[in-house]
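Peer 1: Could you look at this predicted model? Sequence included:
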Amino acid sequence: MYKKVFGLTVMIGILLCSCKNNDEKTDFKIEAVNNKILQQTDGTISLKVAKADRYQDKSNPSSNTAEWSVLVSKSGRFNVWMSSATKDTTDLKYDNSVKLSILDHRLEAVPEVDKIVLNSVDVSYPFFRADSFLGELYIQDTGLYNVQIISEKILDDVNRKDVENSKVLEVFLKPITR
């Protein structure tokens, strides 16, 4: 009889502990999702540099990095665009190519002015917003991804105010529809 009561007590203890651990894991997952960039309902993923984790290398600015954690809810093929604030609407004056990586996918391009957005709320005079097409990529599965962009034009908040030519504002992934 003693062995049965002891065994039953141990089983109940194990069951209660496992239920408690599952609740803690669920709380952690909810917290992790709350700190991530979410995909918009139309499938667009908007990554503002101001909301990124940034690393700036003063000795080698071409390795300046911005990184986001993105929760992809709709997989598929995306056009990748980058917005820059610029004073010169004909030349963005990027010295090096911009590198974007998501998992094993990597895009590399020297941004050119593909579209000028007049009266953008993202910039103020004397800057204009210029959008550049960087390329196309395919995200096969939904889930949590780290997105990283490397460019000398990624600047911290202090240095953003004294930009001479251009600076990266945002990267956005637009879904390709057929």
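Peer 2: Received it, and whenever you're ready, just let me know what you need. Residues are numbered from 1 along each chain as shown.
Peer 1: burial count for His150?
Peer 2: No, residue 150 isn't His; it's Ile. Neighbours of Ile150 under the rule other Cβ atoms under 10 Å: 19. Where C-beta positions appear, they are placed from N, C-alpha and C, glycine not excepted.
Peer 1: Mind listing the residues bridging to the nearest residue to it once chain neighbours are set aside?
Peer 2: Using Cβ to Cβ, 6 or more residues apart in numbering and skipping residues adjacent in sequence, the residue nearest Ile150 is Lys99, 4.4 Å away. Beta-bridge pairing for Lys99 (DSSP bridges): Glu108, Ile150.
Peer 1: low-scoring stretches of the protein, by residue?
Peer 2: Of all residues in the chain, those with pLDDT under 70 make up the ranges 1-35, 156-164, 178.
Peer 1: need the strands for it, in chain order.
Peer 2: 37-38, 45-48, 53-55, 65-72, 76-86, 98-102, 105-109, 115-117, 128-139, 143-150, 166-175 (DSSP state E).
Peer 1: before we move on, back to that, list the contacts of the residue nearest to Ile150.
Peer 2: Residues counted as contacts of Lys99 (Cβ atoms under 8 Å, 6 or more residues apart in numbering) are Arg106, Leu107, Glu108, Ile149, Ile150, Ser151.
Peer 1: try Lys167
Peer 2: Ser84, Ala85, Lys153, Ile154, Leu155, Arg160.
Peer 1: let's see 6 Å
Peer 2: Counting by Cβ atoms under 6 Å, 6 or more residues apart in numbering, Lys167 makes contact with Ala85, Lys153, Leu155.
Peer 1: same thing with Asp57?
Peer 2: Ser63.
Peer 1: how close does it get to Glu108?
Peer 2: 18 Å (Cβ to Cβ, to the nearest Å).
Peer 1: Let's have the strands of the chain in CSV, adding distance to Leu92.
Peer 2: Below are these laid out as CSV (distance: least, Cβ to Cβ, whole Å):
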stretch, distance to Leu92
strand 37-38, 24
strand 45-48, 18
strand 53-55, 19
strand 65-72, 17
strand 76-86, 5
strand 98-102, 10
strand 105-109, 11
strand 115-117, 11
strand 128-139, 6
strand 143-150, 15
strand 166-175, 5
